[in-house]
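**Student:** what shape does this take:
(chains A and B)
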Amino acid sequence: MAIDKDLIGKRIPSHTVDIERGQLRFFAKAIGETDPVYTDPEAARAAGHRDLLMPPTYLFCADSRRSDGFDMAAFADIDVRHVLHAEQSFIYHRPVHAGDSLTFEGVVEDIVSKKGGALEFLVLLIEVLRDGEPVAEVRKSLAVRDPKAGK
Amino acid sequence: MKLELPRITRTTLALYAGASGDHNPMHIDIDVARSAGMDDVFAHGMLNMAYLGRLLTANFPQERIRSFSVRFSSITPVHGRPTATATVAKVEDGLTHLDLTMTLEDGTVTLKGQAVVEGDVAA
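**Tutor:** Numbers count the residues shown, from 1 in each chain, chains lettered A, B, ... in the order given. Purely as a prediction, here's the structure:
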């Protein structure tokens, strides 16, 4: 089933996430990161950081830690079993540390059909702000497969 | 620049699902994966990107990374053993442009990407 093209330009409800030390330590463990700037506040401070440094891809994870119940799959009416991550990009303006509070403001940038609709790309652009200042720009492209197409 | 990762186990995927907040069952529940026609679960694309991020931050202070982007081309099956590599594409206007690749043992390229880092990598 095709994704509704009317979603292009539609805003995703903005939300705010507190970046917590425990979350960052768990993430470091999950990805095998052993540099103490990501796990030990004293080591982070000794390296000139305010607190634990947030790893570069954690922005994506923080955005998925919504507490408002918003569900992207329901929003775009897609089946998560048929979604693959196609592309991901980050533009960094400022480092983020534990204790920061990040606000994510997303918009559906584009929806592109390929292979006669058998594959669709949902492109989201998300601005990340801290105290109203931009800290990063995140773009993600999801490939949604239509299992019925071409059969 | 190269980072050889350990084999991806089901535990790796369970930990990443919890730590990342990505609870898509395709990565942790073989029953759901099979219901979608897959043989087994596969790694989160963002786990691979996080490994590439480790390669970057092991070589450059993180605050020097201006941008980091990838295009996923193939899934990483559970039990896959990825290797992350970065090569300098060019140094221009005080910025180092890196080409990034993740490959599996059999040579499959699972993603390609780019990063731009402040400063001259040779400096």
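**Student:** near chain A, which residues of chain B?
**Tutor:** Within chain B, the positions adjacent to chain A are B:5-6, B:12, B:15-16, B:18-22, B:24-26, B:32, B:35-37, B:44-47, B:49-51, B:53-54, B:56-58, B:62-63, B:65-72, B:75 by C-beta under 8 Å from any C-beta of the partner chain. (Glycine included, C-beta is placed from N, CA and C.)
**Student:** of these, grab the buried ones for ChimeraX.
**Tutor:** Here is the ChimeraX command that selects the buried residues among these (16 or more other C-beta atoms under 10 Å in any protein chain shown):
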select /B:5,12,15,16,19,20,21,22,24,25,26,32,44,45,46,47,49,50,51,53,54,56,57,62,65,66,67,68,69,70,72,75
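**Student:** just the ones of the residues of chain B next to chain A in strands?
**Tutor:** If you go by DSSP state E, the residues of chain B next to chain A have B:65-72 in strands.
**Student:** what's the most distant pair in these?
**Tutor:** In these, two members sit farther apart than any others by C-beta to C-beta. They are B:Arg66 and B:Phe72, at 21.4 Å.
**Student:** if we can go back for a sec, list just the nearest of the ones in strands among the residues of chain B next to chain A to A:Val17.
**Tutor:** The closest of these, once distances to A:Val17 are taken by C-beta to C-beta, is B:Phe68, at 19.8 Å.
**Student:** that closest one and B:Thr57, how far apart?
**Tutor:** Per C-beta to C-beta, to the nearest Å, B:Phe68 is found 10 Å from B:Thr57.
**Student:** what helix or strand does the closest residue to B:Leu100 other than its chain neighbours sit in?
**Tutor:** Closest residue to B:Leu100 apart from its sequence neighbours, by C-beta to C-beta, 6 or more residues apart in numbering or on different chains: B:Gly113 at 4.0 Å. In this assignment (DSSP states H and E), B:Gly113 forms part of strand B:109-118.
**Student:** done for today, thanks.
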